[in-house]
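1. Model the following, please.
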Amino acid sequence: MPILIGHRGAPGLAPENTIESLELAQRAGADAVEIDVRTSADGRPVLLHDRTFERLWGSPAAPS
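-> Residues are numbered from 1 along each chain as shown. The predicted structure follows:
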């Protein structure tokens, strides 16, 4: 039996690694989700694949 894994949630339906994307993956029947966790400059965990916001939001800034 195949297992359905939502890669960063359901990025085709909502921005990746967001609560909305994770919830949509669950509603779509995902058995699991794969997420990316990084730490911000102050050491807090954030869900973000890239080191900066460039690819998703056009900003070269990193989580602070």
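2. going forward, measure contacts and count neighbours with C-alpha atoms only.
-> Fine.
3. Show me the longest helix that occurs in this structure.
-> helix 19-27 (DSSP state H).
4. So which elements touch that one?
-> strand 32-34 (3 or more C-alpha pairs under 8 Å, 6 or more residues apart in numbering; DSSP states H and E).
5. and residue 61, what does it touch?
-> 52, 53, 54 (C-alpha atoms under 8 Å, 6 or more residues apart in numbering).
6. Dump those to TSV, plus secondary structure.
-> Output for the contacts of residue 61, formatted as TSV (DSSP: H, G, I helix; E, B strand; the rest coil):
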residue	secondary structure
52	coil
53	strand
54	helix
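7. and which of those is nearest to residue 23?
-> Using C-alpha to C-alpha, residue 53 comes nearest to residue 23 of the contacts of residue 61, at 22.0 Å.
8. thought residue 5 was touching residue 30?
-> Yes - using C-alpha atoms under 8 Å, residue 5 makes contact with residue 30 at a distance of 5.4 Å.
9. Next, count neighbours for residue 21.
-> Residue 21 is flanked by 22 other residues according to other C-alpha atoms under 10 Å.
10. Could you pull up the residues touching it?
-> Residue 21 neighbours (C-alpha under 8 Å, 6+ apart): 8, 9, 10, 11, 13, 14, 15.
11. For the most centrally placed residue in the chain, give me the backbone phi and psi.
-> Against the mean C-alpha coordinate of the chain, by C-alpha atoms, centre = their mean, the closest residue is residue 17 at 1.4 Å. As for residue 17, its main-chain torsions (degrees, to the nearest 10) stand at phi 60, psi 30.
12. shift numbering so it begins at 11
-> Renumbered: residue one is now 11, and that last one reads residue 27.
13. contacting residues around it?
-> 18, 19, 21, 45, 46, 57, 58, 59.
14. Swap in 6 Å and give it another go.
-> 18, 57 (C-alpha atoms under 6 Å, 6 or more residues apart in numbering).
15. gap between it and residue 35?
-> Counting by C-alpha to C-alpha, to the nearest Å, the gap from residue 27 to residue 35 is 11 Å.
16. repeat for residue 22
-> In terms of C-alpha to C-alpha, residue 22 sits 10 Å off from residue 35.
17. Now do the SS call for residue 66.
-> helix.
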